[in-house]
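Trainee: quick one: sequence and predicted model below, then my questions.
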Amino acid sequence: MRSLRFRFFFFLAVLLIVLLLMLNIFPITSSRDTVFQEKESSISGQAAILAASLAKLDEPDQASVGEVLRLLNISGFERTVVVDTQGRTLYYTYGTSAPESEEKDLNTALSGKTVFRSRYDGESFLSSYAIPISRQGAITGALYMVERDVVRAVIILDVQSQIRIISAVIVLTVLALAVIFSSVILRRIHELANSMRIVAAGDYSHRLQVSGSDELTDLGNEFNTLTQRLDATERERRQFVSDASHELKTPLASIRLLSDSIVQNENIDTETVREFVTDIGNEAERLQRTTEKLLDLSRLDDDIQVMPEPVDVKQVAVDALVFLKPLAKERRIRLRCELEEGCVVMATVDDMFHIIFNLIENAIKYNVDGGSVFVKLEQKDDKVQLTVEDTGIGIPEEDRYNIFTRFYRVDKARSREAGGSGLGLSIVHAAVKAHGGTIMVGENKPRGSRFTVSFPKPTEEETGI
């Protein structure tokens with residue numbers, strides 16, 4: 001936080017320095033340059049008039065030059081010097097000491113050029129102008145005039161003083177606002193960082209109190225959304241671990257109980273041993289099925305990228321039905337199928353087999369003896385749609401939103417009797433979603449359930465067919 005505060009104030013200081021330099025330098029420099037231009041225009045005009053008048057004098061001297069100045073009413077100059085072509089002084093008024101450049105400027109004027117100089121020393125504007133005096137094209141002398149303007153210098157000094165006061169006020173105001181603003185911003189950042197530490201420590205239920213409508217508010221809202229998801233994920237993880245442990249513990253406990261019964265009973269007959277061993281095998285098979293389904297879910301959760309390929313859904317459905325016919329025959333369930341040709345989707349054969357197998361297996365397991373299962377595969381618009389209907393016990397309306405949750409069972413007792421683990425529909429849902437499909441569950445009137453799976457129909461470029 002100190003580093004951020006230091007960087008903020010450093011940036012602000014640099015910005016203030018640049019702005020204050022511009023505020024203090026540009027107006028004064030601009031005003032001074034404007035005065036210089038006005039001085040040059042004013043003095044050059046008066047000097048030109050005086051030089052033209054002096055050029056008419058046959059024998060200029062101090063008296064005649066002074067008379068010309070009086071008649072022209074040219075005043076306000078602290079120093080006026082008139083010299084002849086030899087540089088001898090014909091007239092002068094010395095109200096101030098001679099500038100260092102006077103002799104040089106007079107010589108320049110005698111060569112036929114004009115010279116203007118002006119400088120600002122903080123107290124006054126000192127301006128000088130040298131101009132040649134010519135008569136009928138011949139130079140007869142030179143005029144040198146010096147003016148000191150204190151009034152405009154005082155004005156500029158007052159402006160400069162006001163600017164400095166304004167600059168001081170700006171600095172103090174900006175610093176005060178910066179302290180307040182940085183304190184508010186850094187406090188909010190500190191609260192966010194502290195909340196992150198709380199969540200990192202494992203308290204996913206923590207929420208940051210946000211207010212306002214700026215970027216930090218958006219960041220706070222995103223943080224709360226993230227922690228909410230982490231909280232939900234953690235709850236699901238704990239529930240998953242609890243349910244998985246329970247599912248694995250049940251067959252393991254049965255295997256342990258049956259094996260202990262065989263070991264501890266010395267007089268157990270062969271038939272009973274065979275029955276117990278058969279039960280152990282069934283429990284081991286149940287344990288294997290649950291483990292395989294957990295591995296399938298783990299693979300789908302990890303979002304392992306697999307290269308989709310064109311899959312003939314009809315052929316996969318036929319293969320699944322071959323495996324499930326003995327189970328249907330045992331339950332006296334009639335299987336009916338309408339499988340349309342040319343139903344191809346971009347997926348993997350294994351995932352498509354899991355989807356179809358689990359849906360049909362559930363339709364058989366949770367059906368009534370002597371019931372039926374109807375499997376329909378068709379192309380609808382730009383979709384490939386698979387429908388599995390049964391005449392079984394159905395799914396209550398309040399349970400339809402939860403059936404894809406792991407280990408969720410509508411009828412727990414009957415599910416265990418049927419050998420269900422509560423993972424089949426979770427695998428179906430995850431596999432369908434992984435390949436861009438959708439799955440819906442509804443009622444199959446007058447009784448039973450209907451599952452509808454839809455996949456986008458691939459283009460010719462995707463299938464290469």
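Mentor: Happy to help now that I have it.

Trainee: would you map the helices across the stretch 351-465 of the chain?
Mentor: Taking DSSP state H, counting those that start in this stretch as the test, the helices found in the stretch 351-465 of the chain are 412-417, 424-434, 460-463.

Trainee: sorry, wrong one. I was asking about the chain.
Mentor: Under the criterion DSSP state H, helices of the chain are mapped to 2-54, 62-72, 102-110, 151-200, 215-264, 270-301, 313-330, 349-365, 412-417, 424-434, 460-463.

Trainee: and the angle from the second one to helix 2-54?
Mentor: In this case it means helix 62-72. Orientation note: helix 62-72 sits at an angle of 110 degrees relative to helix 2-54 (axes from the mean of the first three to the mean of the last three CA atoms, to 10 degrees).

Trainee: mind listing what's buried in helix 62-72?
Mentor: 64-65, 68-69 (16 or more other CB atoms under 10 Å). In short, each C-beta sits where N, CA and C put it, glycine included.

Trainee: okay, now the domains of this structure?
Mentor: Domain assignment for the chain by automatic domain parsing gives 2-156, 215-298, 305-463.

Trainee: any chance of TSV for the ones you listed, columns distance to R207 and mean pLDDT?
Mentor: Shown next, in TSV, are the domains of the chain (distance: least, CB to CB, whole Å; pLDDT from 0 to 100):
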stretch	distance to R207	mean pLDDT
domain 2-156	24	84
domain 215-298	5	74
domain 305-463	25	83
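
Trainee: pick the most buried one from those.
Mentor: Ranked by mean neighbour count, these are led by domain 305-463 with a mean of 17 (mean count of other CB atoms under 10 Å).

Trainee: let's have the buried residues of helix 62-72 in JSON lines, adding distance to E234.
Mentor: Formatted as JSON lines, these follow (distance: CB to CB, whole Å):
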{"residue": "S64", "distance to E234": "109"}
{"residue": "V65", "distance to E234": "104"}
{"residue": "V68", "distance to E234": "104"}
{"residue": "L69", "distance to E234": "101"}
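
Trainee: now the end-to-end length of stretch 260-274.
Mentor: Terminal residues of stretch 260-274 lie 14 Å apart, using CA to CA, to the nearest Å.

Trainee: run through who's touching that stretch.
Mentor: 276-277 (CB atoms under 8 Å, 6 or more residues apart in numbering).

Trainee: recalculate using a threshold of 6 Å.
Mentor: Residues outside stretch 260-274 that contact it (CB atoms under 6 Å, 6 or more residues apart in numbering): F276.

Trainee: how distant is it from the center of its chain?
Mentor: Centroid displacement of stretch 260-274 relative to its chain, using CA atoms, centre = their mean, to the nearest Å, is 70 Å.

Trainee: do stretch 141-148 as well
Mentor: Here stretch 141-148 shows a centroid-to-chain-centroid distance of 69 Å under the convention CA atoms, centre = their mean.

Trainee: same question, stretch 332-346
Mentor: Going by CA atoms, centre = their mean, where stretch 332-346 is centred and where its chain is centred differ by 48 Å.

Trainee: kindly check the end-to-end length of it for me.
Mentor: 35 Å.

Trainee: for stretch 432-450, same thing?
Mentor: Span of stretch 432-450 from end to end, CA to CA: 16 Å.

Trainee: and T391, which of the helices of the chain is closest to it?
Mentor: helix 349-365 (8.9 Å; CB to CB).
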